[in-house]
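Novice: sharing a model that was predicted from the sequence below.
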Amino acid sequence: MTLLSLFDQSLIQRASKQALDFNGKTYTFGELEDRSNRLAQLLIKKDLKQGDRLSFFLQNRVDVIDLWIAGVKLGLVIVPVNVLYRERELKHILSDASPTALITSKDMASWIPQGITIWDVDQLATEASHESSVRIENKVTNDTPLSLIYTSGTTGASKGAVLTQGNFLANGHTLVSDWQFTDKDRYLATLPLFHVHGLGNGIHCWLMSGCHMRLTERFEHAHAQAWFEEYKPTVFFGVPAMFIRLLEIPEVAAKAIGLGLRLAVSGSAPLPAEIHGKFRAKFGSVILERYGMTETLMNVSNPYLGERRPGTVGLPLKHVETKICDEAGQLVGDNITGELWVKGPNVCSGYWGRPEATAQAWIDGWFKTGDIAIRAADGYITLQGRRSDLIISGGFNIYPREIEELLLEQPGIKEATVVGVADPIRGEVPVAYIVADAATWDEAALRPRLASQLASFKLPKAFVRVDALPRTALGKVQKHLLPPLKS
């Protein structure tokens, strides 16, 4: 079994079936097969060969799907680049990956640093349309690299995870099975295709199941209600920030949308338990939270059939082994905090050009995620934050997520994040950054409420109101970009 053989269950066996609509235009699976074949023929003419790297810097569009399928057929290494990145980030990734060329659009080309070979996406599509639609297949295996995807770089320079065709095969095959995708599903795809959530999960579940997909250029909360009401999706993948905006949909409309929504998946950032409950109450649909990483694709998921427990990421997927270890790498028992390690065919082969970083992150085939977690006696895993986010105050460990969850339960607080700042006596102390309504913000009332529910060393030393939290395109808070605490 190969990745392409699973795609072919749709590209070939469902050739006449409506597969996709985007910007008012529809495509069958057979048309997508032809488009990717023509692009592959053109890339061969441009001297691309198996193992060569080819990058894209694009908003969601059908051309990204064409490129991805052509890359699978030719054994290319596709390098997606976050569309929010600008010169500094672009220069780092493109110099690190050294792709043959970068495919982008005219309106985005001005951001590309000098010295990079640029191929205009529209011109490429025009050229490809004149090529033969005969399929070209290079000889690939499950160990053949398919993509070089860079970590979000929230704490430093991003690293390129080398993901193979086998990584994507194992991930997609399990998700289609465990989340019970069928060709009758309707998937509303608003996640960016430069990220593994939208690409490795969304696109692969769609192609492997043969369901219908509506692709949008991006998520737009102003249009979300209309999209749901018109398209009537059975499946939606999102990040917590999207689900927070969906809660703005009126009650009656939300209930109607929820009736047809069999699977709403949240990932890429922790979903506050409060949002989980509010969505269930308003839409009548229970969000399925799961946990994955750029380096590993999906690791853990709440069950499709069974308890979707708020605040947890669920149970290990069937192709994944997990364990929780202390700082010495020794196993810890249930209900004891430690670092989550994972192993499986979903885990990438290492970091591109970073042998030292690879050696530090992998031990005897186990990948050290850097995520702090705790496992309940029945196997459910709860994440408590990144190891790098751990605050040690006066010898006590403080996990920011515990405080953040409590803050989000307070009236008027829309968003919250907690970081550690240096303290001459305690080493570090927690500080909370808050997005809150000015009319309801009352720090004097908030402090005693928190003090009644938190140990004294966990109580934030200060509360900083901000207009918005700096986030990545997938909703992760970039704590290093928060404004400094005023003395």
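Specialist: Okay, I see it. Numbers count the residues shown, from 1 in each chain.
Novice: can you read off the backbone torsions of the closest residue to R86 other than its chain neighbours?
Specialist: Nearest residue to R86, sequence neighbours excluded (CB to CB, 6 or more residues apart in numbering): W111, at 5.8 Å. Quick note: C-beta positions are derived from backbone N, CA and C, even for glycine. With angles defined as degrees, to the nearest 10, W111 sits at phi -80, psi -10.
Novice: pretty sure W111 sits against L90.
Specialist: Yes - the pair W111 and L90 qualifies as a contact (CB atoms under 8 Å) at a distance of 6.3 Å.
Novice: show me which of these two is the more surrounded one.
Specialist: A count of neighbours by other CB atoms under 10 Å puts L90 above the other of W111 and L90, at 19 against 15.
Novice: and what about that one, helix, strand or coil?
Specialist: Following DSSP: H, G, I helix; E, B strand; the rest coil, L90 is assigned to helix.
Novice: residues touching the residue lying closest to it once chain neighbours are set aside, list them.
Specialist: Nearest non-adjacent residue to L90, counting by CB to CB, 6+ apart: P113, 5.9 Å away. By CB atoms under 8 Å, 6 or more residues apart in numbering, the contact list for P113 reads 87, 90-91, 94.
Novice: if any of the residues you listed are buried, put those into a ChimeraX selection.
Specialist: Here is the ChimeraX command that selects the buried residues among the contacts of P113 (16 or more other CB atoms under 10 Å):
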select :90,91,94
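Novice: adding distance to V347, write the contacts of P113 out as CSV.
Specialist: Compiled in CSV, the contacts of P113 are given as follows (distance: CB to CB, whole Å):
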residue, distance to V347
E87, 32
L90, 27
K91, 29
L94, 26
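Novice: Three-state assignment for M242, please.
Specialist: Classified using three-state DSSP, M242 is helix.
Novice: distance of it from R61?
Specialist: 20 Å (CB to CB, to the nearest Å).
Novice: same check on E251?
Specialist: Distance from E251 to R61, by CB to CB: 35 Å.
Novice: okay, these two: which has more neighbours?
Specialist: Legend: neighbour count by other CB under 10 Å for E251 and R61, higher for R61 (19 against 10).
Novice: confirm for me that the more buried one is in contact with V121.
Specialist: Yes - here R61 reaches V121: they are 7.5 Å apart, a contact under CB under 8 Å.
Novice: tell me the predicted confidence for L390.
Specialist: For L390, the pLDDT comes out at 72.
Novice: between W111 and L90, which contacts overlap?
Specialist: F57.
Novice: so the residue located most distally from the centre of the chain, which of the three states?
Specialist: Distance from the C-alpha centroid of the chain, by CA atoms, centre = their mean, peaks at I425 (38.6 Å). With three-state DSSP as the basis, the three-state label of I425 is coil.
Novice: what's in contact with the longest helix along the chain?
Specialist: The helix that spans the most residues within the chain, counting by DSSP state H, is helix 29-45. Outside helix 29-45, the residues that touch it by CB under 8 Å, 6+ apart are 10-12, 14-17, 19-20, 27, 54, 62, 65-67, 69-70, 73-74, 76, 124-125, 127-136, 210.
Novice: hey, where'd the helices end up in the stretch 51-200 of the chain?
Specialist: Counting by DSSP state H, counting those that start in this stretch, one finds helices in the stretch 51-200 of the chain at the ranges 62-74, 87-97, 121-129, 165-178, 196.
Novice: tell me the most buried of the ones you listed?
Specialist: helix 196 (a mean of 29; mean count of other CB atoms under 10 Å).
Novice: which is the next helix or strand following that one?
Specialist: helix 204-209 (DSSP states H and E).
Novice: and that next one, how far out from the chain's middle?
Specialist: Taking CA atoms, centre = their mean, to the nearest Å, one finds helix 204-209 lying 17 Å from the centre of the chain it belongs to.
Novice: for stretch 302-319, same thing?
Specialist: 17 Å.
Novice: same question for stretch 421-439.
Specialist: 28 Å.
Novice: now do it: distance from first to last residue.
Specialist: 28 Å (CA to CA, to the nearest Å).
Novice: residues in contact with it?
Specialist: 391-394, 398, 400, 403-404, 407, 412-420, 441, 457-469, 482, 485.
Novice: show the buried residues in those.
Specialist: 391, 393, 398, 400, 403-404, 407, 413, 415-420, 441, 458-460, 463-464, 469, 482.
Novice: return the list of helices and strands in contact with the helix or strand hosting W341.
Specialist: According to DSSP H and E, W341 maps onto strand 338-343. Applying 3 or more CB pairs under 8 Å, 6 or more residues apart in numbering; DSSP states H and E, we find strand 338-343 packed against strand 321-325, strand 366-375.
Novice: which parts of the stretch 101-250 of the chain are strands?
Specialist: Here the stretch 101-250 of the chain has its strands, by DSSP state E, counting those that start in this stretch, at 102-104, 118-120, 145-150, 160-164, 186-189, 212-215, 235-238.
Novice: distance of the residue nearest to Q410 when sequence neighbours are not counted relative to W352?
Specialist: Closest residue in space to Q410, ignoring its immediate chain neighbours: L446 at 6.1 Å, by CB to CB, 6+ apart. The gap separating L446 from W352 is 45 Å, by CB to CB.
Novice: again, but for D47
Specialist: Distance from D47 to W352, by CB to CB: 22 Å.
Novice: the more surrounded of the two?
Specialist: W352 (22 against 8).
Novice: so what's the more buried one scoring on pLDDT?
Specialist: For W352, the predicted pLDDT is 97.
Novice: and if you look at Q453?
Specialist: In this model, Q453 carries a pLDDT of 82.
Novice: count of residues packed around the closest residue to I69 other than its chain neighbours?
Specialist: Leaving aside its sequence neighbours, I69 sits nearest to S36 (CB to CB, 6+ apart; 3.8 Å). For S36, the neighbour count with other CB under 10 Å is 25.
Novice: stretch 257-270: end-to-end distance?
Specialist: Taking CA to CA as the criterion, the two ends of stretch 257-270 lie 24 Å apart.
Novice: ok, and what's touching it?
Specialist: Residues contacting stretch 257-270 (CB under 8 Å, 6+ apart): 179-180, 185, 195, 197, 201, 225, 228-229, 232-241, 243, 249, 279, 282-292, 304, 383, 401, 474-477.
Novice: this completes my enquiry, with thanks.
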